[in-house]
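Participant: how would this look folded up:
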Amino acid sequence: MYEDRIITDSKFPKLKAFFTPKNTSWVVFGGIILAGIIVRIFLWDFSSSDMVVWKQAAEMLLNGQNPYETTLESFQLEGVKHFYAYFPLWMYVCSLVLLIFPEGAFFPLTKGLILLFDIQVVILLYTILKPKVKDTWRLKIPIAIWFVTPIVLMTSSMHGKFDSLMFVFILLACIFYESDNFIPESIFITLAVLTKPIALILVPFFFRKNLRERNFRKIFSRIGIIVGLLLLFSAPFLHDPLTYIQGVLGVHVTRDHDMGPIFTLLSLPFSSARADSIIRYCLTGAIVVVWITIIILSFVKKTDIYKCMLFTFIAFNSLYWVFLVQYTVWIYVFYVVVTSKSKMRHWQLGSLTSFIIVFSTVMLALIGAFVKVGL
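Facilitator: Numbers count the residues shown, from 1 in each chain. You can find the predicted model right below:
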């Protein structure tokens, strides 16, 4: 019996030596990421009308038309799918795909790009957290869970949303912010704005360090970089600036309410269009007040930039009268950073993360995001 045990114990010594806690965490991490990639590719067959919008906007741009004219019309007509309502960076990407590749390759290539953006977010989250989190499991598993969370999967793979490209630019800006390299930081936060205008609410946080130091040279240089890039990318549409600004920013401010939780609660006692408008104006004011408060507190207390972004997106999602469940992805990205390097215990972090995943998944199911046509 003793000899049998010796043989058993020494049968796979190299295999046993390989499975250290660090290596095991990499195996689990890699397995989850691989599963997430496979699921995304499987979901490419499912799409939403948003993908059609990206293609139509790119076709209009290549034909010399102004897509933002269609944007304004789409927001004015009830029951019509909203058209492209962002700065033009993603439109340029889609136009390049159409220009180089056959038309039939647009959808798989676009979703392939979005998959690459998702993977890049994983890499950047790991890069940011590695020097801050010593526990190898705490470092890797929350990032892997983010990658396979249903709301993230559906947003990118099925709906073809390009939010992950915005996250790539924001996270790169944060990395350069932490290393005090203001030129690439300013470039990347501007590219985030050019991807989705919601990133504008994050721009003030990148000025805090220079304002504390009263480094006006960097402040004005930063402003010049941001404004210069915005003008450069917007140049093809500046012949009609009013239509362009309304198409990029105005439609988001004036759009009708859509499932906003606080708006819904406040409007229950009322049923008039005038009351809806008043509530919307009040909520707009509340968003501005809370946003300015977060900026001031972050300046005074020197709040971590990732916490600033987490609190800002939570406030926006809570108060904005339009609620789309994919907006919660903005929160979840920075939730991963903040909680992973926090002093929360493993069971607390696991419980909270599980609740968020279950809640967002239930919300997806309730609003019909699992159907083939999408939102």
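Participant: In contact with residue 94, which residues?
Facilitator: Applying CB atoms under 8 Å, 6 or more residues apart in numbering, one finds that residue 94 lies in contact with 54, 55, 57, 58, 106, 110. (C-beta placed from N, C-alpha, C; glycine too.)
Participant: Apart from its neighbours in sequence, what residue is nearest the second one?
Facilitator: The spatial neighbour of residue 55 that comes closest, neighbours along the chain excluded (CB to CB, 6 or more residues apart in numbering), is residue 106 at 5.6 Å.
Participant: contacting residues for residue 54?
Facilitator: Each residue near residue 54 by CB under 8 Å, 6+ apart is listed here: 84, 90, 91, 94, 110, 160.
Participant: What are the phi and psi values at the first one?
Facilitator: Comment: the main-chain dihedrals of residue 84 come out as phi -60, psi 120, following degrees, to the nearest 10.
Participant: do the same with the fifth one
Facilitator: When quoted as degrees, to the nearest 10, the phi and psi of residue 110 stand at phi -60, psi -40.
Participant: Give me the neighbour count for it.
Facilitator: Residue 110 has 23 neighbours, counted by other CB atoms under 10 Å.
Participant: what sits against it?
Facilitator: Residue 110 sits in contact with 51, 54, 94, 97, 160, where contact means CB under 8 Å, 6+ apart.
Participant: switch the cut-off to 10 Å
Facilitator: Counting by CB atoms under 10 Å, 6 or more residues apart in numbering, residue 110 touches 44, 47, 51, 54-55, 58, 90, 93-94, 97-98, 160, 162.
Participant: circling back to that earlier point, point out the ones among the contacts of residue 94 that are inside helices.
Facilitator: Cross-referencing those against helices under DSSP state H gives 54, 55, 57, 58, 106, 110.
Participant: can you redo the contacts of residue 54 as a markdown table with distance to residue 138 and pLDDT?
Facilitator: Formatted as a markdown table, the contacts of residue 54 follow (distance: CB to CB, whole Å; pLDDT from 0 to 100):
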| residue | distance to residue 138 | pLDDT |
| --- | --- | --- |
| 84 | 40 | 91 |
| 90 | 34 | 95 |
| 91 | 39 | 95 |
| 94 | 38 | 93 |
| 110 | 34 | 91 |
| 160 | 32 | 82 |
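Participant: wait, which of those is closest to residue 303?
Facilitator: Top of the list for closeness to residue 303, among those and by CB to CB, is residue 90 at 30.3 Å.
Participant: give me every residue that touches the closest one.
Facilitator: Residues in contact with residue 90 (CB under 10 Å, 6+ apart) are 54, 57, 58, 84, 110, 113, 162, 165, 166, 194, 195, 196.
Participant: how far away is the last one from residue 126?
Facilitator: I take that to be residue 196. Here residue 196 is placed at a distance of 23 Å from residue 126 (CB to CB, to the nearest Å).
Participant: which among the contacts of residue 110 end up buried?
Facilitator: Among the contacts of residue 110, those classed as buried by neighbour count (16 or more other CB atoms under 10 Å) are 44, 47, 51, 54-55, 58, 90, 93-94, 97-98, 160, 162.
Participant: Throw those into a markdown table and include distance to residue 261, thanks.
Facilitator: Conversion of the buried ones among the contacts of residue 110 to a markdown table gives the following (distance: CB to CB, whole Å):
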| residue | distance to residue 261 |
| --- | --- |
| 44 | 32 |
| 47 | 28 |
| 51 | 28 |
| 54 | 29 |
| 55 | 33 |
| 58 | 34 |
| 90 | 28 |
| 93 | 33 |
| 94 | 32 |
| 97 | 37 |
| 98 | 38 |
| 160 | 26 |
| 162 | 25 |
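Participant: With secondary structure added, can I get those in TSV?
Facilitator: Below are the buried ones among the contacts of residue 110 laid out as TSV (DSSP: H, G, I helix; E, B strand; the rest coil):
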residue	secondary structure
44	coil
47	coil
51	helix
54	helix
55	helix
58	helix
90	helix
93	helix
94	helix
97	helix
98	helix
160	coil
162	coil
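Participant: Alright, I will stop here.
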